[in-house]
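Colleague: Below are the sequence and a predicted model for it; my questions follow.
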Amino acid sequence: QVQLVESGGGLVQAGGSLRLSCAASGSIFSIKSMNWYRQAPGKQRELVATITSGDNTNYADSVKGRFTIYRDNSKNTVDLQMNNLKPEDTAVYYCNARQLLSDNTQYVFWGQGTQVTVSS
């Protein structure tokens, strides 16, 4: 089992910045990727940013150039730096971990989510 706890959400004006943090604990070995998703009211959950075990990163087109995903292995955290925030970034943001074991069994873990609200 992997436990994920997000922090850092809040209310910010358009153009502002927030940094989300996801702390991972438990059986964090064999985690292949850490991801940030978001879900706005009435919309499907969408993938925002990914960082793999090899430190490759990928971003949704809507956040490229504004969001950056970081990993701190010493703290077992994955942060999402969000700059130049827009009202359409308003959503609940979720941390996600994908674990691949030696027998090719894959597990997916989710945090509880943190609210980000961007006012215009």
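Modeller: Done, it's in. Keep in mind it's a predicted model, so treat the numbers as computed, not measured.
Colleague: Off-centre distance for stretch 1-15?
Modeller: Computed by CA atoms, centre = their mean, to the nearest Å, the chain-centroid distance of stretch 1-15 equals 8 Å.
Colleague: May I have the beta-bridge partners of the residue most central in space within the chain?
Modeller: Closest to where the C-alpha atoms of the chain average out (CA atoms, centre = their mean) is W36, at 2.2 Å. Under DSSP bridges, the beta-bridge partners of W36 are A49, C95.
Colleague: would you put the C-alpha positions of stretch 63-75 in PDB?
Modeller: Extracted C-alpha coordinates of stretch 63-75, given in PDB (Å, rounded to 0.1, in the frame of the first residue of the first chain):
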ATOM      1  CA  VAL A  63      -0.800  23.800 -18.500                       C
ATOM      2  CA  LYS A  64       2.500  23.500 -20.500                       C
ATOM      3  CA  GLY A  65       4.800  26.400 -19.800                       C
ATOM      4  CA  ARG A  66       2.900  27.300 -16.600                       C
ATOM      5  CA  PHE A  67       3.100  24.200 -14.400                       C
ATOM      6  CA  THR A  68       6.200  22.300 -13.400                       C
ATOM      7  CA  ILE A  69       6.300  18.900 -11.600                       C
ATOM      8  CA  TYR A  70       9.200  18.200  -9.300                       C
ATOM      9  CA  ARG A  71      10.300  15.200  -7.200                       C
ATOM     10  CA  ASP A  72      12.300  15.200  -4.100                       C
ATOM     11  CA  ASN A  73      13.500  11.700  -3.400                       C
ATOM     12  CA  SER A  74      15.000  12.600   0.000                       C
ATOM     13  CA  LYS A  75      11.500  13.600   1.200                       C
END
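Colleague: tell me which residues in that stretch are buried?
Modeller: Residues of stretch 63-75 classed as buried by neighbour count (16 or more other CB atoms under 10 Å): V63, F67, T68, I69, R71. C-beta coordinates here come from the backbone N, C-alpha and C atoms, glycine included.
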